[in-house]
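1. Here is a sequence with its predicted model. Questions after.
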Amino acid sequence: MPRPSVEAERRAQILRATCQVIAEAGLRNMRISDVARLAGVSGGTVHYYFDTKQDLARAAFEDCFERSLERRRWLLDSRADALTRLRQIVDSYVPGTPETIEAWRVWVELWAESARSPRLRELNERLYGDWRRIVADIIRDGQTRGQLADGDPLELANMLVGMIDGLAVQVLAGSHSLTAGRMRTTCLAFVDTVLAGERSRR
């Protein structure tokens, strides 16, 4: 049996490969053999860590979320003011790099399958609930410090997260009128005019 450190590394390797396969082929077309080949392991090794394809997909979605947060840890833990951090969140989520585009494609697959799968629906609700609360906490902190406009922090977070998600999907779909640059401009305008309001013009 592999050592714990080797097991953790191999499991992470399989999950990263799974996210790549989901992003490229879609969850419905994901095959264990493709994951194994990309991860450089056997199909039996994949099944050693994950009993079913559904278990593998669920773990991969969670891993994608955690890695997404970890890539943004620097800004989430930043001492910068709330308006700056919200602007940085927008910049970090614009689908402009291969890594960000892959993550967005994985999330789109999760949303689509959540409409059919109660287990994935629960997972999506939990992960997105966590993300909205993180954004709401930043907004609440900015309001407390007088940097952002008044309003329910969670509702404002829902608006910002919903705008980022919706526009990113249009960018991924290849919209000619809604480019990554236009998405960034639109989301930053929302942050500056709605969340910051008059405070951004003082």
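-> Nice, thanks for sending it over.

2. so residue 119 makes contact with residue 54?
-> Yes - with contact defined as C-beta atoms under 8 Å, residue 119 reaches residue 54; the gap is 7.0 Å. Every C-beta, even on glycine, is put in place using the N, C-alpha and C of the backbone.

3. Who's the closest spatial neighbour of residue 61, skipping the chain neighbours?
-> Leaving aside its chain neighbours, residue 61 sits nearest to residue 110 (5.0 Å; criterion: C-beta to C-beta, 6 or more residues apart in numbering).

4. helix or strand right after the helix or strand of the chain at the bottom of the mean pLDDT ranking?
-> Sorted by mean pLDDT, DSSP states H and E, the helices and strands of the chain end with helix 73-76, the least confident at a mean of 86. Once helix 73-76 ends, the next helix or strand along the chain (criterion: DSSP states H and E) is helix 82-93.

5. now that next one: how far from the chain's centre is it?
-> Distance of helix 82-93 from its chain centroid, counting by C-alpha atoms, centre = their mean, to the nearest Å, is 14 Å.

6. I'd like the average pLDDT over it.
-> For helix 82-93, the mean per-residue pLDDT is 95.

7. quick revisit: look up which helix or strand the residue nearest to residue 61 falls in, please.
-> helix 98-114.

8. which of the residues in that helix are buried?
-> Across helix 98-114, burial judged by 16 or more other C-beta atoms under 10 Å covers 100-110, 113-114.

9. Same question for stretch 125-138.
-> Buried-residue list, stretch 125-138, by 16+ other C-beta under 10 Å: 127-128, 131-132, 135-136, 138.

10. could you redo those as JSON lines and give each row pLDDT and secondary structure?
-> Listed next are the buried residues of stretch 125-138 as JSON lines, based on pLDDT from 0 to 100; DSSP: H, G, I helix; E, B strand; the rest coil:
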{"residue": "127", "pLDDT": "92", "secondary structure": "helix"}
{"residue": "128", "pLDDT": "91", "secondary structure": "helix"}
{"residue": "131", "pLDDT": "94", "secondary structure": "helix"}
{"residue": "132", "pLDDT": "94", "secondary structure": "helix"}
{"residue": "135", "pLDDT": "96", "secondary structure": "helix"}
{"residue": "136", "pLDDT": "97", "secondary structure": "helix"}
{"residue": "138", "pLDDT": "96", "secondary structure": "helix"}
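
11. quick one: which of these is nearest residue 24?
-> For these, the closest approach to residue 24 (C-beta to C-beta) belongs to residue 127, at 21.5 Å.

12. Check the gap between the nearest residue to that closest one once chain neighbours are set aside and residue 80 for me.
-> The spatially closest residue to residue 127, leaving aside those adjacent along the chain, is residue 65, at 4.8 Å (C-beta to C-beta, 6+ apart). Separation of residue 65 from residue 80 (C-beta to C-beta, to the nearest Å): 23 Å.
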